[in-house]
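Peer 1: Provided below for reference: sequence and predicted model.
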Amino acid sequence: MAAVLIDSFGRTAVDLRVSLTDRCNLRCTYCMPEEGLQWLGKPQLLTDEEIVRLVGVAVRDLGVTGVRFTGGEPLLRPGLVGIVAACAALEPRPELSLTTNGIGLARTAAALRGAGLDRVNVSLDTLDAATFHTLTRRDRLRDVLAGMAAADAAGLTPVKVNTVLMRGVNDHEAADLLAWCLERGYELRFIEQMPLDAQHGWDRRSMVTAEEILERLAARFALTPEPSTRRGAAPAERWLVDGGPAVVGVIGSVTRPFCAACDRTRLTADGQVRNCLFAREETDLRAALRSGAGDAELARLWRAAMWGKKAGAGIDDPEFLQPVRPMSAIGG
Ligand code: SAM
Ligand code: SF4
C-alpha cells in the first residue's frame, strides 16, 4: 500500500478530524440528550502527548495536510493550546483549525492564534436568546457571540459559522443569520441535520433540506453558484451572495452527499480511527500505541483502516443503521 491514506475506491484522505473530548457544556437537541452521556474516563482518553504523536504520524507518514480539532467541545480540553502549538511545530506543518461552540473562545482566541491555529468554525444556530435556550438547553448565546468577535479580532479569519436548522424552531432565521454574518464578514454554512444524535430522534421527514434552505435564502438574496471553485472534496456547495464576493455554503450531507469526493479521516478522543462519520467499525490505535507500536506500525494500521472505507454513508439504504457512537463522541 502507498504511504498515503488511500481507500479501495481511490479516494485519498488528507483532512484529519481529531476529537479532543466527548464532553460538552451545551446540550444541542440534535446532538445530545438533556442529561448528557456516559463520558469517557481519563484512562480511556488519549493524553496530549499521544494525540500529538498520532497527528505527527498522520502528517509525516500518511500525507495528511489539514488537522481540525473538534469534540464534544474542544475548548473544554485543558491542554488545547499546547496541543495546537505542538502540532504547529510538526514538519510538514499542517493547516490547523478548530470547530467549537464558541463558549470560552473570548478568553482563548488570542492564545490559540499565538500557538499557530489558522482558523475556527463556530456553531451558531440562532440569534435569539430564547431560541438558543430551546436548542442548546443553556443560556450562553452572549458567550458564543463574544467568542466569535474575539476570534475575528485575533485574526482567526474568516470566522466560519456552522448552522443546523430545525423545523419550527430556527428555520425561519436562515436569511437573518446570513444577513448578520455578512455584516461582520463571517462565512456562514448551513448543515443538514444528520442521523447522529445520541437519542436517535432524527426523522428525515422533519429535516430541513438543502433545497429548502436555498429557497429561504433566495427570498432575500440573489444566489449564484460560486464559479471559481469546484466543489471537490469540500462538502459545502458555495453560492455567491448578491453577486459576491461574499459566499454562503450549504452542506447537504443527507440529500446531496459528497462521499465520492470525501478526503477525511477521523481520530476519536479515545484513540480510534474512523474512516467515515457513519462507519460502524473502528481501529484501535490507542491499544497499539500503549503496547509499544512504533510509528511505522501505527501508520500501517491507519492505512489499513482507511482502505476499508465504504463507498458512501448509506443513509438512503433501507438497511441503514446509525453508528453506535453519537456525533459528540465521534468528533463532528
Ligand atoms: N461542540 C463543537 C460545536 O458544536 O461546534 C464541536 C463538535 S459538534 C459535534 C460539530 C458540528 O456538528 C457542529 O457544527 C454541530 O452543529 C454539528 N452537529 C452536531 N450534531 C449534528 C447532527 N445531528 N447533524 C448535523 N450536524 C450536527
Ligand atoms: Fe455540544 Fe457541539 Fe453537540 Fe452542541 S453540537 S451538544 S455544542 S458537541
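Peer 2: Received it, and whenever you're ready, just let me know what you need. Ligands and ions are numbered 1, 2, ... in the order given.
Peer 1: how about whichever residue of the stretch 101-250 of the chain sits closest to ligand 2, what does it touch?
Peer 2: Closest contact between the stretch 101-250 of the chain and ligand 2, by CB to the nearest ligand atom, is at residue 101 (3.6 Å). The way it works is simple: take the backbone N, C-alpha and C, and place the C-beta from them, glycine included. Contact partners of residue 101, counting by CB atoms under 8 Å, 6 or more residues apart in numbering, are 24, 25, 26, 73, 75, 122, 123, 136, 140, 144.
Peer 1: for the closest residue in space to residue 204 that isn't next to it in sequence, the count of nearby residues, please.
Peer 2: Spatial nearest neighbour of residue 204, chain neighbours left out: residue 254 (7.3 Å); criterion: CB to CB, 6 or more residues apart in numbering. Residue 254 has 19 neighbours, counted by other CB atoms under 10 Å.
Peer 1: residue 254 contacts residue 202, doesn't it?
Peer 2: No: the criterion here is CB atoms under 8 Å, and residue 254 misses it with residue 202 at 9.2 Å.
Peer 1: okay, and the common contacts of those two?
Peer 2: Common neighbours of residue 254 and residue 202 are listed as 193, 194 (criterion: CB under 8 Å, 6+ apart).
Peer 1: how about this protein: which residue is closest to ligand 1?
Peer 2: For the chain, CB to the nearest ligand atom, closest residue to ligand 1: residue 332, 2.7 Å.
Peer 1: leaving out chain neighbours, which residue sits closest to that residue?
Peer 2: Closest residue to residue 332 apart from its sequence neighbours, by CB to CB, 6+ apart: residue 70 at 5.7 Å.
Peer 1: just residue 268 next, same as before
Peer 2: Spatial nearest neighbour of residue 268, excluding adjacent residues (CB to CB, 6+ apart): residue 19 at 5.1 Å.
Peer 1: now do that neighbour against residue 263, distance only.
Peer 2: 18 Å (CB to CB, to the nearest Å).
Peer 1: spell out which parts of the stretch 1-150 of the chain neighbour ligand 1.
Peer 2: Selection of the stretch 1-150 of the chain residues close to ligand 1 by CB under 6 Å from any ligand atom yields 24, 30, 31, 70, 71, 73, 99, 100, 101, 123.
Peer 1: of those, which pair is most distant in space?
Peer 2: Maximum pairwise distance among these (CB to CB): 16.8 Å, between 30 and 100.
Peer 1: which of those two has more residues huddled nearby?
Peer 2: Ranked by neighbour count (other CB under 10 Å), residue 30 and residue 100 place residue 100 first, with 28 against 21.
Peer 1: how about the contacts made by the residue nearest to residue 268?
Peer 2: 70, 71, 72, 74, 266, 267, 268, 269, 329, 330, 331.
Peer 1: now, which of these lie close to ligand 2?
Peer 2: With CB under 6 Å from any ligand atom as the criterion, the contacts of residue 19 include 71, 72 near ligand 2.
Peer 1: which of the contacts of residue 19 lies closest to residue 280?
Peer 2: Residue 280 has its nearest neighbour among the contacts of residue 19 in residue 330, at 11.6 Å by CB to CB.
Peer 1: for the closest one, give me its contacts.
Peer 2: 19, 196, 266, 268, 274, 277, 323 are the contacts of residue 330 under CB under 8 Å, 6+ apart.
Peer 1: next: residue 41.
Peer 2: No contacts exist for residue 41 under CB under 8 Å, 6+ apart.
Peer 1: what is the burial count for residue 209?
Peer 2: Per other CB under 10 Å, the neighbour tally for residue 209 reads 17.
Peer 1: and the residue nearest to residue 332, how many neighbours?
Peer 2: Burial of residue 70, expressed as a neighbour count using other CB under 10 Å, amounts to 23.
Peer 1: please apply the same query to the one 10 residues further on.
Peer 2: Using other CB under 10 Å as the criterion, residue 80 is surrounded by 23 other residues.
Peer 1: show me what contacts it?
Peer 2: 20, 69, 74, 108, 112.
Peer 1: test my guess that the first one contacts residue 84.
Peer 2: No: counting by CB under 8 Å, residue 84 is not a contact partner of residue 20; they are 10.2 Å apart.
Peer 1: how many other residues sit next to residue 198?
Peer 2: 17.
Peer 1: got the contact list for it?
Peer 2: 31, 32, 33, 37, 326, 328.
Peer 1: no further queries at this time; thank you.
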